[in-house]
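In: Let me see the structure of the following:
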Amino acid sequence: MRRRDKPRSKAVKTPRQMKLTRHAATEGPSTLASGRETEVAQLIRERDEALEQQTATSEVLTIIASSPGNLEPVFSKMLGSATRICEAKFGTLFLYDGNTFRVAAGVGTPPELAEFERLRGPFRPELGSRLERIVGTKQVIHIVDDAAEEVPSPPTRLAGAKSIVAVPMVKDDALIGAITIYRQEVRPFTDKQIALLINFAAQAVVAIENTRLVNELRQRTGDLSEALERQTATSEVLEIISSSPGDLQPVFNAMLENATRICEAKFGNMFLYADNAFQTVAVHNAPPVYAETRTRGPIRPSAGTGLGRLAKTRQVVHIADMKAEPAYAARDPFVVAGVELAGIRTLLAVPMLREDQLVGAFSIFRQEVRPFTEKQIELVQNFAAQAVIAIENTRLLNDLNKLNQQLEQRVTDQVNEIERMGRLRRFLPPQIADLIVASGTEKQLESHRREITALFCDLRGFTGFSESSDPEDVMALLHEYHAAIGGIINKYGGTLERYAGDGVMVVFNDPIPVDNPALQAVLMAIEMRAAIEGLIEKWRKLGHDIGFGIGIAHGFATLGTIGFEGRFDYAAIGTVSNVASRLCDEAKPGQILISPRVLMAVEKDIVVEPVGDFALKGIRRPLAAYNVLATKSPD
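Out: Numbering: from 1, shown residues only. Modelled structure (predicted):
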């Protein structure tokens, strides 16, 4: 018997190979070789173009990384690469501030156009110009021949531009600039060249954002350096006041004592200045009688006294001999008291200044004629400066304490708001709770009367199931049931009025008004029924005979919060709630029973069937009820 050889597997040719094979069959070997050479040359050109673009992009990224905060070399390199690779004659990079454009970089710009741009400065784009179109569209503008346009642009008039492409620079949907390149002959740019220019525009946006971040960082660093210098300058004062933050009295006492002792004075006073008067805040080693005169109240010395001259000039006052002063000869009471009660002969008064404003003064005295040295005067000036810093620090500390108190109050208010939000979310859909919190009032929950649609639903056979099942099974079933209908209630914007066991009461049209609350309730009921049917089938497989029924009624009710402090609920009280509950009781498994008033509102959209009249408990006359079957087809 002749054995058949297995067929040999054939190599599958690529489309390019098949094309070359057909070409070879029709054109011959020499033509095929020529075609391959052309194809190889094309591939080499494409490779070289891609390599050139990649190299240019890499160079721009390198410049961006090497010159943080300096955009000029980035723009120049970027524009030069774009102009060269895209075979353009010259190019311009504009920045846009939301109102005007300005030239940020130019490459190869002809002199007449460069001078025009320099003299023009920032400018608004002309109506219909390419930059005005970019502002409006934020899209690439490609002009094949600008000389043919109705109103040629300045580059065309002054530099002979013909083919132009302008690419927007966009950040977060906001225009921040544009890159424009020009040819002086009519030769449209290719898609690859435009794509490259778009890539450069994106890099320019990155460079601008990086520069902004770098400048912000530098500014913050400068601010921190200044703060550190201030902290170093006030370190000695901080050491003094560290043990008594917010309390200036021990600081004043220590400064005055050190100034008096180191300057070899006999005693001294320290004053604060306000309302054109001095108030004594510290006295060191002064004779008791003299000290008592200085602490009685505000001091308003005459212009001829040491403090009077200090208040007028904001300068140091140094008096070698008080008895030689004209004010003493004129028997000025302030000067006489110092000389005769305290024996003052030499006085040094140094102002405490904050931004050239007088805040107080140091005064130290000697009971002999012996002027203070320059170093001693500088020391007291240093203490005066430290005193001003201490006063300012105390003010800031007090302000900080106030801010902390305000912050604590805000935290308390926020916690209360969170607790309030939690209470609202117990019985309101999230969107309604958010509305009440956003409005800052709960007037929507105060007792009021409104026309509503009420929906009541529960499980059939749940009581028997709960009596014969383990508590864990009951809780698991309720969890599935509540999870299934809870999301649907929120979806339709219903307000959860009651949530007890398997019974759920939902109202529509309060607190948030609804155009057709009855239709909204019926549509929600249909989706509820579909969702619960799947669970009922699952429960049946587990041996649980459970059904689901719904009743819907429409009418007026009184609504608002009921309960007591710590536990409030939202309730709808009225016949409409009772009718919905009674209809739910009458509903067979899978039925959605609605009242006549509900039917009137939904009959154009819902298919129903009459189920007869029911004598409902608490309702005087029998009520006709209708079972919802489905929504009507749009046709």
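
In: going forward, measure contacts between C-alpha atoms and count neighbours the same way
Out: Will do.

In: correct me, but residue 335 touches residue 305?
Out: Yes - between residue 335 and residue 305 there is a contact under C-alpha atoms under 8 Å: 6.6 Å.

In: Between those two, tell me which one has more neighbours.
Out: residue 335 (24 against 21; other C-alpha atoms under 10 Å).

In: so what's that one up against?
Out: For residue 335, the contacting residues are 305, 322, 327, 328, by C-alpha atoms under 8 Å, 6 or more residues apart in numbering.

In: And the pLDDT at the spatially most central residue of the chain?
Out: Geometric centre of the chain, nearest residue: residue 172, 14.8 Å, by C-alpha atoms, centre = their mean. At residue 172, the predicted lDDT confidence score is 91.

In: cool, and residue 186?
Out: 94.

In: Could you pull up phi and psi at it?
Out: phi -80, psi 100 (degrees, to the nearest 10).

In: is it true that it touches residue 144?
Out: Yes - look at residue 186 against residue 144 with C-alpha under 8 Å: they come within range, at 6.3 Å.

In: What residues does the residue nearest to the centre of the chain make contact with?
Out: Counting by C-alpha under 8 Å, 6+ apart, there are no residues that residue 172 touches.

In: number of nearby residues for residue 258?
Out: Residues near residue 258, counting by other C-alpha under 10 Å: 15.

In: Show me the contacts of residue 335 that map onto helices.
Out: 327, 328 (DSSP state H).

In: Tell me which two of the contacts of residue 335 sit farthest apart.
Out: Among those, the pair separated by the greatest distance (C-alpha to C-alpha) is 305 and 322, at 9.6 Å.

In: follow-up on the earlier one: shared neighbours of residue 335 and residue 305, anything?
Out: Common neighbours of residue 335 and residue 305 (C-alpha under 8 Å, 6+ apart) are residue 327.

In: can you give me how far the longest helix belonging to the chain is from the chain middle?
Out: Secondary structure assigned by DSSP H gives helix 374-427 as the longest helix of the chain. Distance of helix 374-427 from the chain centroid (C-alpha atoms, centre = their mean, to the nearest Å) equals 25 Å.

In: Stretch 359-377 now?
Out: 57 Å.

In: go on, stretch 449-458?
Out: 40 Å.

In: can you pull out the helices in the stretch 501-635 of the chain?
Out: For the stretch 501-635 of the chain, applying DSSP state H, counting those that start in this stretch gives helices covering 517-541, 575-586, 596-602.

In: looking at the ones you listed, which is closest to residue 95?
Out: helix 517-541 (53.6 Å).

In: What are the buried residues along the closest one?
Out: Counting neighbours by 16 or more other C-alpha atoms under 10 Å, one finds that the buried residues in helix 517-541 are 517-526, 528-529, 532, 535-536.

In: what does stretch 603-621 give?
Out: 605, 606, 607, 608, 616.

In: cool, and stretch 98-114?
Out: Applying 16+ other C-alpha under 10 Å to stretch 98-114 flags 101, 102, 103, 104, 105, 106, 107, 109, 113, 114 as buried.

In: can you tell me which of these are in strands?
Out: 101, 102, 103, 104, 105, 106, 107 (DSSP state E).

In: Can you tell me which of the residues you listed is closest to residue 467?
Out: residue 101 (80.1 Å).

In: from memory the closest one sits against residue 123, does it?
Out: Yes - judged on C-alpha under 8 Å, residue 101 makes contact with residue 123 at a distance of 5.4 Å.

In: Mind listing the residues bridging to the closest residue to residue 381 other than its chain neighbours?
Out: Closest residue in space to residue 381, ignoring its immediate chain neighbours: residue 350 at 6.2 Å, by C-alpha to C-alpha, 6 or more residues apart in numbering. Going by DSSP bridges, residue 350 is paired in beta bridges with residue 362.

In: What is the neighbour count of the closest residue to residue 289 other than its chain neighbours?
Out: Closest residue to residue 289 apart from its sequence neighbours, by C-alpha to C-alpha, 6+ apart: residue 341 at 6.9 Å. Counted with other C-alpha under 10 Å, the neighbours of residue 341 add up to 15.

In: do you know how far residue 341 is from residue 294?
Out: 11 Å (C-alpha to C-alpha, to the nearest Å).

In: got a list of what residue 103 touches?
Out: 92, 93, 94, 95, 117, 121, 122.

In: at 6 Å instead, please
Out: Neighbouring residues of residue 103 by C-alpha atoms under 6 Å, 6 or more residues apart in numbering: residue 94.

In: do residue 107 as well
Out: Contacts of residue 107 (C-alpha under 6 Å, 6+ apart): 80, 90, 91.

In: How about residue 376: what's its closest non-neighbour residue?
Out: residue 263 (5.5 Å).

In: Model confidence for the one you found, exactly?
Out: 89.

In: now swap in residue 274 and tell me
Out: So, for residue 274, pLDDT stands at 90.

In: separation between it and residue 298?
Out: Following C-alpha to C-alpha, the distance that separates residue 274 from residue 298 is 9 Å.

In: do residue 143 as well
Out: Residue 143 is 82 Å from residue 298, by C-alpha to C-alpha.

In: swap in residue 86?
Out: 83 Å.

In: Compare those two and say which is more crowded by neighbours.
Out: residue 86 (20 against 17).

In: Can you list phi and psi of the more buried one for me?
Out: phi -80, psi 10.

In: Give me the pLDDT for the nearest residue to it once chain neighbours are set aside.
Out: Closest residue to residue 86 apart from its sequence neighbours, by C-alpha to C-alpha, 6+ apart: residue 193 at 5.4 Å. With respect to pLDDT, residue 193 scores 90.

In: Could you do residue 89 as well?
Out: Predicted confidence (pLDDT) for residue 89: 95.

In: between the ones in strands among the buried residues of stretch 98-114, which is nearest residue 200?
Out: Nearest to residue 200 among those, with distances taken as C-alpha to C-alpha, is residue 105, at 13.6 Å.

In: tell me what whichever strand or helix holds residue 497 is packed against?
Out: When elements are assigned from DSSP states H and E, residue 497 belongs to strand 495-500. Contacting strand 495-500 under the criterion 3 or more C-alpha pairs under 6 Å, 6 or more residues apart in numbering; DSSP states H and E are the following elements: strand 503-508.

In: outside of the strand it packs on, which residues touch it?
Out: 452-458, 494-498, 517.

In: again with stretch 471-479
Out: So stretch 471-479 is contacted by residue 466 (C-alpha under 6 Å, 6+ apart).

In: swap in stretch 341-356?
Out: Contacts of stretch 341-356 (C-alpha under 6 Å, 6+ apart): 287, 290, 316-322, 338, 358-369, 384.
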